[in-house]
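Chemist: my questions concern the predicted model and sequence given below.
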Amino acid sequence: MNLGIKDRVAVVAASSRGLGQAVARRLAKEGAKLALCARTSAALDAAAEEIRRETGAEVMTRALDVTAYDKVRGFVAAVVERFGRLDICVANAGGPPAKSFAETSIEDWRAAADLNLMSTVYFAKEALPAMQRQQWGRFIAITSVAVKQPVEGLILSNAVRSGVSGLIKTLANEYGRDGVLVNNVCPGYTATARLVELSRRLALKEGVDAAEIEERWARQTALGRVGRPEEFADLVVFLASERAAYITGVSIAVDGGLVKGLY
């Protein structure tokens, strides 16, 4: 299937590792030109070089903190200046720390809102007008299955990422007539460093081995296993493509059947 992504320009945030890097690699394999950002320049440059070597894609990078609006604004402006357009924007950021409500501080809540909600707002503020001008675009937020079914120990993510879902639905309604599709992709338990961190924290709290926690998560899914980053990336890339032309305003879980609700 020709996805119609060749030579499209794609921004992927938090793409030095994990889900962001998997999405960037899949886009590159489809022929997209990439603009990648993450906080740590060494890890980001290493990821970019690996993608270039594997795919031959044109890749620009910039180290930045997605919670700083001026940095995001400058990055998106640099992308448009270099490539002349911006077609795809994947808003992504690491998750807030795993805590119960009693363990959180007010500063934890402010930091989580900045990291996951406001960073998405910043990318939307800068990317959507560029897409609107060209009457074509794909804006995709990466959140969590927590927006559909709260995850134990992730109160900050459960609450703040749900705000992102509301934002995405509203933006889809506002920009649909301009040919811009806006969607939210919600990963379940996926084999990333973030999942390892969470399993270790819960294991320490419960006095069990981390492998037992991971096996428990796997049993909760219909498929009986955790996901692979590339399986998640495949859906993001489809939503970024020409083939997804009538899909907007949705929050799709990539969770192996973890969520037990109907929607």
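Modeler: Ah, there it is.
Chemist: in the protein, what helix or strand scores lowest on average pLDDT?
Modeler: Lowest by mean pLDDT, DSSP states H and E among the helices and strands of the chain is helix 193-206, with a mean of 81.
Chemist: which strands or helices does that helix pack on?
Modeler: In this structure, helix 193-206 packs against helix 210-220, with contacts taken as 3 or more CB pairs under 8 Å, 6 or more residues apart in numbering; DSSP states H and E. Heads up, the C-betas are built off the backbone N, CA and C, glycines and all.
Chemist: dead centre of this structure: give me the residue that sits there.
Modeler: residue 142 (2.8 Å; CA atoms, centre = their mean).
Chemist: ok, now how distant is the closest residue to that one other than its chain neighbours from residue 14?
Modeler: Spatial nearest neighbour of residue 142, excluding adjacent residues (CB to CB, 6 or more residues apart in numbering): residue 92 at 4.2 Å. Applying CB to CB, to the nearest Å, the value for residue 92 to residue 14 is 4 Å.
Chemist: quick check: neighbours shared by the two?
Modeler: Applying CB atoms under 8 Å, 6 or more residues apart in numbering, one finds that residue 92 and residue 14 are jointly contacted by residue 20.
Chemist: who has more neighbours, the two?
Modeler: Ranked by neighbour count (other CB atoms under 10 Å), residue 92 and residue 14 place residue 92 first, with 29 against 25.
Chemist: give the contact list for that one.
Modeler: Here residue 92 is in contact with 12, 13, 14, 15, 19, 20, 23, 141, 142 (criterion: CB under 8 Å, 6+ apart).
Chemist: give me every residue that touches the third one.
Modeler: By CB under 8 Å, 6+ apart, the contact set of residue 14 is 20, 37, 38, 66, 92, 93, 94.
Chemist: helices - which of those land there?
Modeler: The members of the contacts of residue 14 that map onto helices under DSSP state H are residue 20.
Chemist: quickly list what the residue nearest to the centre of the chain is bridged to.
Modeler: Counting by DSSP bridges, residue 142 is bridged to residue 185.
Chemist: mind listing what's buried in the least confident helix or strand of the chain?
Modeler: Buried residues in helix 193-206, defined by neighbour count with 16 or more other CB atoms under 10 Å: 194, 195, 198, 199, 201, 202, 203.
Chemist: ok, now stretch 233-248?
Modeler: Neighbour-count burial for stretch 233-248 flags 233, 235, 236, 237, 238, 239, 240, 241, 244, 248 (criterion: 16+ other CB under 10 Å).
Chemist: what's the farthest-apart pair in the contacts of residue 14?
Modeler: Greatest spacing in these, by CB to CB: 37 and 94 (12.6 Å).
Chemist: quick one, which of these two is more surrounded?
Modeler: Between residue 37 and residue 94, counted using other CB under 10 Å, residue 37 has the larger neighbour count: 26 against 20.
Chemist: OK, contacts around the more buried one?
Modeler: Contacts were defined as CB under 8 Å, 6+ apart; by that measure residue 37 touches 11, 12, 13, 14, 15, 44, 61, 62, 63, 64, 66, 75.
Chemist: one more: residue 43?
Modeler: Taking CB under 8 Å, 6+ apart, we find residue 43 in contact with 16, 17.
Chemist: element containing it, please.
Modeler: Element membership for residue 43, per DSSP states H and E: helix 41-55.
Chemist: do the same with residue 157
Modeler: helix 155-175.
Chemist: all strands for the chain, in order.
Modeler: In the chain, the strands defined using DSSP state E lie at 9-13, 33-38, 59-63, 88-91, 137-142, 180-187, 251-254.
Chemist: from residue 213, how far out is the residue of the chain most remote from its centre?
Modeler: Here the chain reaches farthest from its C-alpha mean at residue 207, the gap being 31.7 Å by CA atoms, centre = their mean. As judged by CB to CB, residue 207 and residue 213 stand 11 Å apart.
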